[in-house]
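Engineer: task: produce atomic coordinates for the following.
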Amino acid sequence: MGVEAVRSVFEQVVRPLATPSTPGAFYQGLRLMAIDGTVQDVPGTPANAAHFGRSRGGRGDSAFPQLRKVSRVEVGTHIEVALVLGGYHDGEQTLAEKLWDKLPADSLLLEDRGFFSYEHWNALDTRGIKLLVRIKSNMVLKPTQRLADGSFLAKIYPSPYHRSQDRDGMVVRVIEYALDDPQRTGHGEQHRVMTNLLDAEHYPALELVILYHERWEEELVFDEQKTHLDPRRAGKPAHFRSQTPVGVEQEVYALSLAHFVIRALMLEAAQTVDVDVDRLSFTGCLRILQARLPECERATPQSLERWYDCLLWEMAHERIEPRRNRINPRVVKRKMSKFAKKRPQHRGGPPLKKTFAQTVVIT
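Structural biologist: Here you go, the predicted model:
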């Protein structure tokens with residue numbers, strides 16, 4: 001079909017689905033949206049390597065070429081509303097700019113600190129988009145007014161020179177906080193979030209700190225897509241199958257469409273029993289849909305409706321326990337290997353001229 005056809009279907013079908021009554025989807029009338037990026041392995045063909053590139057490190061290039069995807073997600077429903085693709089060496093901030101035009105006017109956008117820049121903030125603030133962004137602890141922010149909840153107003157500038165001249169400054173609200181639990185990742189560190197919600201009485205600092213951490217719901221979306229929807233397995237060592245860049249892009253949009261279908265069904269199923277969609281198991285609902293699709297009876301509208309109602313009923317009962325109080329330290333189980341690193345000379349060598357038996361020499 002080609003990537004254009006699948007992208008067109010994605011853009012026509014996928015949309016935000018939350019309403020003000022959807023649990024966890026809105027804050028003070030603002031729709032919670034998040035932008036973040038992820039890296040995924042693609043098959044190691046010369047075409048994919050040339051188009052997407054590989055990550056590089058002290059031990060050599062990565063095992064697979066890698067694409068970079070930046071997505072805009074509706075936090076309360078886990079729906080990937082929009083996405084943009086690039087190669088591994090394309091910057092997330094540059095790719096994210098392509099998602100701005102499609103932001104709903106009622107958005108409260110949650111972003112990690114890697115996305116912040118004065119130009120980025122100015123462009124979105126000018127469009128009326130509300131922002132809640134983590135920022136680096138070494139960023140210079142001089143309080144101009146202390147607020148009752150402990151936050152303060154300050155100005156951001158396009159450069160140190162502009163700051164010294166107090167030119168082109170934009171007023172922002174800064175919330176600084178720490179964690180007093182030694183078991184928590186980040187204990188003993190200063191954390192900062194910044195927002196253009198300047199009214200401390202209407203938007204209390206503690207509420208915004210807790211709200212910012214809803215951004216991690218986007219990481220769960222990436223987990224659903226990469227780990228559960230079409231996981232690695234024998235015969236599929238990378239995240240995708242396609243041997244060409246065009247095929248990879250088509251596959252990305254197709255899998256995102258499939259994810260939207262599952263998430264839309266889960267939301268409708270949750271609404272039938274008045275529970276938060278977070279209480280439904282993504283993996284369980286995926287397996288239910290896979291099992292029930294061959295049974296779909298479309299002979300008459302009535303038979304299709306019966307099948308659909310039964311599907312929603314079964315999904316609505318695929319419950320999981322409320323999330324436990326937990327932490328996830330930023331560590332990996334296995335970092336090094338006893339085997340030598342795969343190098344470029346190990347890839348795509350010339351065809352062998354002898355069979356194994358022909359190479360054997362009895363000594």
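
Engineer: tell me how far the least confident helix or strand in the chain by mean pLDDT is from the chain's mean position?
Structural biologist: Least confident element among the helices and strands of the chain, by mean pLDDT, DSSP states H and E: strand 60-61 (a mean of 76). Chain-centre distance of strand 60-61: 26 Å, with CA atoms, centre = their mean, to the nearest Å.

Engineer: partner strands of whatever helix or strand comes next after it and their direction?
Structural biologist: Counting by DSSP states H and E, the next helix or strand C-terminal to strand 60-61 is strand 66-74. In the sheet, strand 66-74 lines up against strand 30-41 (antiparallel), strand 79-87 (antiparallel) (DSSP bridges).

Engineer: the longest one: how far from the chain's middle?
Structural biologist: The gap between where strand 30-41 is centred and where its chain is centred comes out at 3 Å by CA atoms, centre = their mean.

Engineer: could you export that strand as CSV, CA atoms only?
Structural biologist: Only the C-alpha atoms of strand 30-41 are listed here, as CSV (Å, rounded to 0.1, in the frame of the first residue of the first chain):
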residue,chain,number,x,y,z
LEU,A,30,-7.5,21.3,30.7
ARG,A,31,-6.9,18.2,28.6
LEU,A,32,-3.7,16.4,29.8
MET,A,33,-1.4,15.9,26.8
ALA,A,34,2.2,14.7,26.8
ILE,A,35,5.0,14.8,24.3
ASP,A,36,8.0,12.4,24.5
GLY,A,37,10.2,10.3,22.4
THR,A,38,11.4,6.8,22.1
VAL,A,39,14.0,4.8,20.1
GLN,A,40,13.2,1.5,18.4
ASP,A,41,15.4,-1.0,16.6
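
Engineer: quick one: average pLDDT of it?
Structural biologist: For strand 30-41, mean pLDDT is 96.

Engineer: who does the least confident helix or strand of the chain pair with, and is each partner parallel or antiparallel?
Structural biologist: Counting by DSSP bridges, strand 60-61 is paired with strand 56-57 (antiparallel).

Engineer: what comes into contact with the partner strand?
Structural biologist: The contact list for strand 56-57, computed with CB atoms under 8 Å, 6 or more residues apart in numbering, reads Ser62. Quick note: C-beta positions are derived from backbone N, CA and C, even for glycine.

Engineer: at 10 Å what do you get?
Structural biologist: For strand 56-57, the surrounding residues in contact (CB atoms under 10 Å, 6 or more residues apart in numbering) are 62, 88-89, 341.

Engineer: stretch 315-325 now?
Structural biologist: 262, 265-276, 278-289, 292.

Engineer: all strands for this structure, in order.
Structural biologist: Secondary structure of the chain (DSSP state E): strands at 26-27, 30-41, 56-57, 60-61, 66-74, 79-87, 107-111, 130-134, 145-146, 152-156, 170-177, 191-195.

Engineer: before we move on, back to that, export the contacts of strand 56-57 to TSV and tack on neighbour count and pLDDT?
Structural biologist: Output for these, formatted as TSV (neighbours: other CB atoms under 10 Å; pLDDT from 0 to 100):
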residue	neighbour count	pLDDT
Ser62	17	81
Tyr88	18	93
His89	12	94
Lys341	12	75
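
Engineer: and those as CSV, adding distance to Val331?
Structural biologist: Shown next, in CSV, are the contacts of strand 56-57 (distance: CB to CB, whole Å):
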residue, distance to Val331
Ser62, 20
Tyr88, 23
His89, 26
Lys341, 22
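
Engineer: now for those residues: which two are most distant?
Structural biologist: Farthest apart among the contacts of strand 56-57 by CB to CB are His89 and Lys341. That separation is 19.9 Å.

Engineer: so which of the contacts of strand 56-57 are in helices?
Structural biologist: Among the contacts of strand 56-57, none falls in helices (DSSP state H).

Engineer: who are the contact partners of Ala254?
Structural biologist: Applying CB under 10 Å, 6+ apart, the residues near Ala254 are 1, 3, 6-7, 9-10, 230.

Engineer: return the member of those nearest to Thr300.
Structural biologist: Distances from Thr300 to the contacts of Ala254, taken by CB to CB, are shortest for Val9, at 26.6 Å.

Engineer: contacting residues around the nearest residue to that closest one once chain neighbours are set aside?
Structural biologist: Excluding the flanking residues, the one nearest Val9 by CB to CB, 6 or more residues apart in numbering is Leu257, at 6.5 Å. Contacts of Leu257 were listed using CB under 10 Å, 6+ apart, and they are 6-7, 9-10, 13-14, 80.

Engineer: filter these down to just the buried residues.
Structural biologist: With burial judged by 16 or more other CB atoms under 10 Å, the buried subset of the contacts of Leu257 is 6-7, 10, 14, 80.

Engineer: show me which of those residues is closest to Arg241.
Structural biologist: Arg241 lies nearest to Val6 out of these, by CB to CB, at 14.6 Å.

Engineer: how close does Ala49 sit to Lys342?
Structural biologist: Distance of Ala49 to Lys342, given as CB to CB, to the nearest Å: 13 Å.
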